[in-house]
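Asks: sequence plus the predicted model coming up.
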Amino acid sequence: MRKLLASPPQGAHAAPFPHFIEPCLATLRDTPPEGADWLHEIKYDGYRTQCHLRASRPRLLTRRGYDWTERFGSLVDDIAGLAVDTAILDGEVVAIDEKGRPDYAKLQADLAKGRGDRLVYFVFDLLYVDGLDLRRASLLERKRVLRGVLDRSHGARVLFSDHLEGNARAVVANACAMGLEGIVSKDRNAPYRSGTNESWIKVKCGRSDDFPIIAFVEKLGAEPRRVASLYIGRRQNGRLLYAGKARSGYTLESAERLREMLDPYIRSTSPLDEPLHKPKATWVEPVIAAEIAYSSRTPNGLLREAVFKGIRDDLAPRAGPKTASDRRPAPAARSPTRVPRENILQLLPQAVVPSKEELASYWAKVGRRALRYLARRPLKLVRHSRGTTFYHKGSLPPVPEPVHQLTIEKREGGEGTRLWIDSIDGLIGLVAMGAVELHPWNATIDDLEHPDLIVFDLDPGAGIERDFLTETAFTLRDMLKQEHLDSWPKLTGGKGIHLMVPVEPTLTHDEARDFAKAVSQRLAATDRKRYVTAADPARRKGRIFIDYLRNGRGNTAIGTCSPRARPGFPVAARVTWKDIADGLPPDAFSLAKPPAR
């Protein structure tokens, strides 16, 4: 393997073994892109699977990061034989029918029965290998290295997903004629980017997509219980709307399994944002997705001839088929008036929160500019649930489809999950989870260990006049300029000012915090009676607390454009240095008066 990488591809860099990497997702289009920059691959009808291989021990993770190693059975043995020490592969696990084509129904049936002999892993990307992170390398270079890895290996069911070049429309036509699902066209020069983006374009032979299940109709008198049909939703501009009813496509087995999966998520009211009268419907939280084929859409977005193709249980909040003993406790098992103690990092008993409708309306207005500051960053959340406002920790409530999850290594050891968003729908999805305040990391999901921001929080204690706070902000700005660093000010929606310092992501979190500490201490040394860098509240009266502790791995500050859980619902906002000089008040912006930047 070392000989294979004697000259690592441009963009590859040495890095520790990553945790789960949010996958790159293709954008659906009616026609494929043309031109020499595009490679065209078969679109496999299976489960997107990320393989983490260390010391010949594979872990197979679904698109949402759930560990399905055991579910894929003997396929794991073939992967374990790859001729590398460590690797992260991206591909699709499929079940092959008698004609050698991927068959999604057979895949679900095989996994439900614990059968693995028809499973094949088609690998189309290599993200990490033997100490090198390849995500910044071009697709063509990543595939070159991947082919070398697989050519040196002997796993009969681990196959290289080859590509075609040239006439994209002809490639689509041939794929459809062969009974395949479609193709994925990929920019040959692009790096690997997590989330949905335009460097991968998918074109399907038939119309189908994933839709959240919003309700089901149960088969009367059936034993065991099973669904007769599904009501499905669609997301548009952050709202959940009705998309139609899937009346056919169910096998007896899938109908029973689907009923079992939906049982923990039953709710008494519709989750839709517009009223819908369906007296036979049993409403559910919209967290389970189904793949639905359809002939066309009506002008108001309803699906014509909707047919159920399968359960997207790889996207569900829990992995694997559920049995009566495996099912998570029903909500009634907990007190309906209390948030579980294990979910509360810090209570905010004085908090005042807006309604979800007010929050959703606000994010719809400012979401596009808010994403400049909040997108693709792990988030710490202040949530409001069951009458309680708190900093959230631990297990999550149902996560809407536009909100992404990321598995990280926690500072105290073990793994944890952080949420991130990259769309207005994602922001509104957080509202559905009860999120009020968003506190982003100083690093992005693309490079978790190297911040691209350093934050200085100027927090005035009792007795500090606004003019002195303003003067301090300008003094700190000038100190940073001496370090060849620019900064911009942010009103926090409280009483302080944040100085935000964009930096190249070359420092570690510890190094960034140490730099911020050194600068803060230099500023504090100019007037010990007026400044303090210690967090002790008793020492802050008549002083400005220069808080550098907003820096460090996992430490956060209120996000730009984020509302605050305070009276009047103020909003943190980027402002200009002229605004600071003019004495713009700290609560100048609110849900009712959104920031313009």
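Replies: Structure received. Worth saying up front: this structure is predicted, and the values here are computed from it rather than measured.
Asks: so residue 100 sits in a helix?
Replies: No: according to DSSP: H, G, I helix; E, B strand; the rest coil, residue 100 belongs to no helix; its state is coil.
Asks: return the list of helices and strands in contact with the longest helix belonging to the chain.
Replies: Of all segments of type helix in the chain, defined using DSSP state H, the longest is helix 356-374. Using 3 or more Cβ pairs under 8 Å, 6 or more residues apart in numbering; DSSP states H and E as the contact criterion, the neighbours of helix 356-374 among helices and strands are helix 424-432, strand 435-440. Every C-beta, even on glycine, is put in place using the N, C-alpha and C of the backbone.
Asks: buried ones in that helix, by neighbour count?
Replies: In terms of neighbour count (16 or more other Cβ atoms under 10 Å), helix 356-374 has its buried residues at 356, 359-360, 362-364, 366-367, 369-371, 373-374.
Asks: then whichever helix or strand comes after it to PDB, C-alphas only?
Replies: Tracing the chain past helix 356-374, the next element assigned as helix or strand by DSSP states H and E is strand 379-385. Taking Å, rounded to 0.1, in the frame of the first residue of the first chain, the C-alpha atoms of strand 379-385 are listed here in PDB:
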ATOM      1  CA  LEU A 379     -24.300  23.300  16.900                       C
ATOM      2  CA  LYS A 380     -25.000  23.500  20.600                       C
ATOM      3  CA  LEU A 381     -28.700  24.100  21.100                       C
ATOM      4  CA  VAL A 382     -30.800  25.900  23.700                       C
ATOM      5  CA  ARG A 383     -34.100  24.100  23.400                       C
ATOM      6  CA  HIS A 384     -37.600  24.600  24.900                       C
ATOM      7  CA  SER A 385     -39.600  21.500  25.600                       C
END
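Asks: after strand 379-385, which helix or strand is next?
Replies: Heading C-terminal from strand 379-385, the first helix or strand you meet, by DSSP H and E, is strand 388-392.
Asks: what's the offset of the very next helix or strand once past that next one from the middle of its chain?
Replies: Next in sequence after strand 388-392, counting helices and strands by DSSP H and E, comes strand 404-409. The chain centre lies 8 Å from the centre of strand 404-409; the measure is Cα atoms, centre = their mean, to the nearest Å.
Asks: what does stretch 339-354 give?
Replies: Centroid separation between stretch 339-354 and its chain, computed with Cα atoms, centre = their mean, is 23 Å.
Asks: equivalent analysis for stretch 243-261, please.
Replies: For stretch 243-261, the gap between its own C-alpha mean and the chain's C-alpha mean amounts to 27 Å (Cα atoms, centre = their mean).
Asks: quickly name whichever of the buried residues of helix 356-374 is closest to residue 451.
Replies: Ranking these by separation from residue 451, with Cβ to Cβ as the measure, puts residue 373 on top at 14.0 Å.
Asks: does that closest one touch residue 574 like I think?
Replies: Yes: the pair formed by residue 373 and residue 574 meets the contact definition of Cβ atoms under 8 Å, at 7.4 Å.
Asks: find residues that contact each of the two.
Replies: Taking Cβ atoms under 8 Å, 6 or more residues apart in numbering as the contact criterion, the residues that touch both residue 373 and residue 574 are residue 560.
Asks: residue contacts, residue 236?
Replies: Neighbour list for residue 236: residue 301 [criterion: Cβ under 8 Å, 6+ apart].
Asks: what pairs with it across the strands?
Replies: Applying DSSP bridges to residue 236 gives these bridge partners: residue 239.
Asks: what about the nearest residue to residue 383 once chain neighbours are set aside, how many neighbours?
Replies: Excluding the flanking residues, the one nearest residue 383 by Cβ to Cβ, 6 or more residues apart in numbering is residue 434, at 4.3 Å. When neighbours are defined as other Cβ atoms under 10 Å, residue 434 has 21 of them.
Asks: can you map out the helices along the stretch 101-250 of the chain?
Replies: 104-113, 139-151, 168-177 (DSSP state H, counting those that start in this stretch).
Asks: and residue 286, which of those helices is closest to it?
Replies: Closest to residue 286 of the helices of the stretch 101-250 of the chain is helix 104-113 (Cβ to Cβ; 20.7 Å).
Asks: any idea of the mean pLDDT for the closest one?
Replies: The average of the pLDDT scores along helix 104-113 is 80.
Asks: having no further points to raise, I will conclude here.
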